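Enquirer: Predicted model, plus sequence, below.
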Amino acid sequence: MALRILLTNDDSHDSPLFHFAIDALKQLGELQIAVPASEQSWKGKAMTRFGNLYAERTEIHGAPAWSISGTPADCVNLAVYNLLDEKPDLVVSGTNIGKNTGLSFMFSSGTVGACLEANIAGIPALALSQELKPEQFFQWGEERRFDEDTTARLQNISARFIPQVWKTLDIAKMTDTVTWNVNFPLSDSVSTQIIKTRLGHTFYSGCFKQRGDQYYHDLRTVDVDPQPDTDEIVVQAGNISATLLNLKDFGQKIL
């Protein structure tokens, strides 16, 4: 019986990295999609408490999908309990435009937030994120596109690394309600390794910049945990970081 995979993201349906993930996951199981109708980055595990959600049945990059007027966590919860005929065996979120390494970014990430919502529902999850050069990241934010060379490299990375992660971490056999938080480097070297890491104690500073009487998101300064066993340092070295996130770790007995 084919693995039932639910795919979401926080960048919305037009992300090329999302399309590349669809291409890879179609070969690995029975794919369904529930994705935000608009950009939902940095929403963490936020969910819609007031206001209505709308789910439109559609097709994205050749796969059956719902486009949902909510957050990534909304998408997972709504799909699992309202839209799908059967509960998925696995939730995959991504591939995110930009890496999600370090404690502060993990809590901020809509990509990871969708996976944590899956874990709450008793479903294992895989969060995929892609390192970019600053100019590539800002080009996407300003123009919602990448240049041809960048797109080709990202497509190659997805095609190579997603199946590699799937096999190395034995994703198809996951049963524990945990999340593998995986970050791809921009390097597509044949020597790239998958290294299990810890979540670095990396923290950002101010997130907003003033323009007239308004403020907009403009994060520029990050205090990175420099230890070699952390996710960020492993990605900087050109390798794939794989960090296990377990919600049950937050419920340990107080000593």
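Expert: Yep, that arrived.

Enquirer: Now do stretch 226-235, average pLDDT.
Expert: When the per-residue pLDDT values of stretch 226-235 are averaged, the result is 96.

Enquirer: Mind listing what's buried along it?
Expert: Thr230, Asp231, Glu232, Ile233, Val234, Val235 (16 or more other C-beta atoms under 10 Å). Any C-beta I mention is one placed from the backbone N, CA and C, and that applies to glycine too.

Enquirer: Over to stretch 120-136?
Expert: Ala121, Ile123, Pro124, Ala125, Leu126, Ala127, Leu128, Ser129, Gln130, Glu131, Leu132, Gln136.

Enquirer: repeat for stretch 45-59
Expert: Neighbour counts over stretch 45-59 (16+ other C-beta under 10 Å) mark Lys45, Met47, Leu53, Ala55 as buried.

Enquirer: For the stretch 151-255 of the chain, which residues score under the pLDDT cut-off?
Expert: In the prediction, the stretch 151-255 of the chain carries residues with pLDDT under 70 at positions 251-255.

Enquirer: can you map out the strands along it?
Expert: Taking DSSP state E, counting those that start in this stretch to define them, one finds strands in the stretch 151-255 of the chain at 179-184, 194-197, 203-204, 208-211, 214-217, 222-223, 240-245.

Enquirer: Parallel or antiparallel, which strands does the fifth one pair with?
Expert: Paired strands of strand 214-217, with direction, are strand 208-211 (antiparallel) (DSSP bridges).

Enquirer: Which residues belonging to the partner strand are considered buried?
Expert: Going through strand 208-211 with 16+ other C-beta under 10 Å, nothing comes out buried.

Enquirer: same check, this time on stretch 175-184
Expert: Here stretch 175-184 shows Thr177, Val178, Thr179, Trp180, Asn181, Val182, Asn183, Phe184 as buried, counting by 16+ other C-beta under 10 Å.

Enquirer: now, which of those residues sits nearest His201?
Expert: Taking C-beta to C-beta as the measure, His201 sits nearest to Asn181 out of those, at 14.8 Å.

Enquirer: Wait, the closest one touches Asp231, no?
Expert: Yes. Checked against C-beta atoms under 8 Å, the pair Asn181 and Asp231 is within contact range at 7.3 Å.

Enquirer: can you list residues touching both of the two?
Expert: Taking C-beta atoms under 8 Å, 6 or more residues apart in numbering as the contact criterion, the common neighbours of Asn181 and Asp231 are Leu199, Ser241, Thr243.
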